[in-house]
Every structure is written in C-alpha cells, then in structure tokens.
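K.L.:
After the sequence you'll find the predicted model.
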Amino acid sequence: MQDRVASVIKQSDALLLAIEDAETGQRGFLLTGDEKYLQPYFEGKRVAARAVGDLIDSVHTLSQFAALRAIQRDMRDKLDELDQTVRLEREGHHEEALAIVRSDAGKESMDRLRSGIGRFVADCEARRSTALTDSRRRVQATEYAFIALLLGVAGLLAFTASMQAKAYKGVIRGTKRMSRDALRDSLTGLPNRRDLARRLEKLRADDGTAQQPVTALFIDLDGFKAINDKLGHAVGDALLRAVSESLKRVTRLGDLVARVGGDEFVVIAPGLASPSVIEKLCERLMAEIRVLASSYGGVGLSIGVATQSGAGFVAEELLQKADNAMYVAKRSGGGYHFDAGLNSCSRS
C-alpha cells in the first residue's frame, strides 16, 4: 500500500513538472522565437500524457478516478492553450499569441491543475497515514493477545514481540524516508518545487520575515543543453550535481537553494539589504559556475532577481517576477537582471 501511494505521489509530481516544463519551453519560444525551446515543450507534453495515463491505471477508488479525470481535463485545457500560442507564433501571429497569454486563461487552468494535483496528493497521503495507523493498531492488538498467553508461552512471546517491534520500526522508517524523498530532487538532493512552495509558505508565516525583504533569484544554466547533447546524460547529470554544490557553497546558511526544472534553480535569500548586496551575490554565483567551464566546456548562468517586502509577500508573484527577469538576462546573453521593482540593474 505504502509503495503504491509513494509511486502515485511521484507520478503526480512528474505530471506537474512536465506541464511546467512545457510551459517554460512555450514561454522561451514566444520570447525569443528560437525553435530550440520547443524541445522541452514537446517533451513536457509527452511526459505529461504518459504520467496521467499511469496515474489513471494505478488508482482503485471511484473518488480518486473522478479526481484524475478532472486533472486530465485541466491538463488538456492548459496544453490546448500552449498549442494554440505556439501555432500562432509559428505562423507569424506574435501579438495574437501574446494576447492569449495575457488573457490569464492558461494561468487559470494551471492554477486549477496545481490545486487538483495538490488535493489528489493530499488524499493519497491521508490514505497512507490511515493505513499506517491501522497497521499499528493491528500490531498492538496482536501484542495484547500474546500478553494474555504470556504465562504459558513466555519465551515464544518475547521473540515474537521483538520481531514485531523491528517490523513496525521498519515501516515507520520507510514511511519517513518516502515522505522525505517526495520533497527532494532525486539527482541533486536539493529541495524540489513542491518543497520550495512548502518552505516559502513557512517563511511567509514567520514573524521574523516581516521585518526584512525576501529576495528570489531564478537561475537558468546556460549551455547545459549543448553539453548534455554532446557529452551525454551522465556528464549532464554530473554537471547539475556540481552546479548544485556550487550554489550551496556561495549562499548563506539561512538561504534556500532548490532545483525547480531540468536546468533551472531558485535561490531564496531573506534579509539582503540593498541591490548592491544582491549584485555581489550574483557575481559570486557566476564566478563559481565559471570555474566549472574547465571541466565541462562553455557553461554560465542567466539570473533573474526579484524582491518583495517580507510583510505578507506573495510567493508565486515573487517567483514569477524573478522568472521574467531571468528571461531578460537570457536574451541579453546571460548574466543577471533585476525586476523593475528593484533599482534597475543588468550585467552580462
């Protein structure tokens, strides 16, 4: 039961990540007109279709099946919106494509999709918790039955109780491990997008955060696709792990570093006092990554920076502004770019 629930949660995360990758590719294509951004777009669509099919095959209750059908409808709405904008851009109707993006129809379907997947995962986790509780009750009932027979078979009962305790501890350890794995990127060990959202919510609710700004750096690894294609996925994976370690070395102890996509990372840094301090952080990040060029070839960073007041900051809005700023930096050939809410600053 627990293994099946863990698999369902993993497939749910894969579905959401695939849709987000497809959207990232669509945005890159609309912003640049470069067909190379359509590779993650088509790959995201393919993975999403497979993930939702796997999910439908893996559930056994009518309520879960109905929830997945609703998720599938929202997924189709979102993919239809992406397909339409890509088709219009390819036909040269750039402004019509942008008008669809600005209409927020895609955002609404994406919000419904995230909400539906969140509810579906929460239901799966609740079922897993109920199964664990039932398992514990059965273990306790068995122990009580054996205690009643303790006078007659004391030696046998001691052995049996010991084995049951070990089995139960194994279940607990396995459950905790699966819960941790659901919040971690399996390649780099960094928090994934789901854990990033959870931690941002905790940060927003922290009274100490209200007294200081919160800065988001949305980071795209330039040159990764060429390295991955030329040298192979094993080298690409090694590069992503090396970049993860580099980001952790440069950031402070209280900062959060997460991997949110194939070659995309996010750094959340509370309490950076001024744009000049943020610039120094960006410079250190880029210098650290440049060191990797000797081992992996041409690799760099495009960094988008956005800051909000800690008092009631909106996580999705903060990340979206940083994401938009990152695309400006990328179109400029890399480096970093500040959102308009900060004192305007760019460097390639």
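P.N.:
Sure thing, it's come through.

K.L.:
quick one: residue 249 and residue 288 touch, right?
P.N.:
Yes: Residue 249 lies in contact with residue 288 (CB atoms under 8 Å); the separation is 6.6 Å. In short, each C-beta sits where N, CA and C put it, glycine included.

K.L.:
averaged over its residues, what pLDDT does the helix or strand where residue 141 lies have?
P.N.:
Under the criterion of DSSP states H and E, residue 141 resides in helix 105-148. Average pLDDT, helix 105-148: 77.

K.L.:
any idea how far residue 193 is from residue 114?
P.N.:
10 Å (CB to CB, to the nearest Å).

K.L.:
Which one's more surrounded, those two?
P.N.:
Higher neighbour count among residue 114 and residue 193: residue 193, with 20 against 17, using other CB atoms under 10 Å.

K.L.:
Please report how far the more buried one lies from residue 19.
P.N.:
Distance from residue 193 to residue 19, by CB to CB: 11 Å.

K.L.:
Now for residue 290: which residues touch it?
P.N.:
Residue 290 is in contact with 299, 300, counting by CB atoms under 8 Å, 6 or more residues apart in numbering.

K.L.:
Give the residue spans of the protein that score low on pLDDT.
P.N.:
Flagging of the chain using pLDDT under 70 yields the residue ranges 1-2, 139, 142, 145-151, 153-165, 167-181, 207-210, 311-312, 342-348.

K.L.:
And the strands in it, which stretches?
P.N.:
Along the chain, the segments classed as strands by DSSP state E run 214-222, 256-259, 264-270, 300-308, 335-338, 346-347.

K.L.:
Any idea which of the ones you listed gets closest to residue 23?
P.N.:
Between residue 23 and these, the tightest spacing by CB to CB is seen for strand 264-270, at 12.0 Å.

K.L.:
The closest one pairs with which strands?
P.N.:
With DSSP bridges as the test, strand 264-270 is paired with strand 214-222 (antiparallel), strand 256-259 (antiparallel).

K.L.:
May I have the distance across stretch 184-201, first residue to last?
P.N.:
17 Å (CA to CA, to the nearest Å).

K.L.:
buried sites along it?
P.N.:
Neighbour-count burial for stretch 184-201, with 16 or more other CB atoms under 10 Å as criterion, is recorded at 184-185, 188, 190-197, 199-200.

K.L.:
got it, and stretch 211-221?
P.N.:
Neighbour count says stretch 211-221 has 213, 214, 215, 216, 217, 218, 219, 220, 221 buried, by 16+ other CB under 10 Å.

K.L.:
do the same with stretch 62-82
P.N.:
64, 67, 68, 71, 72, 74, 75, 77, 78, 79, 81, 82.
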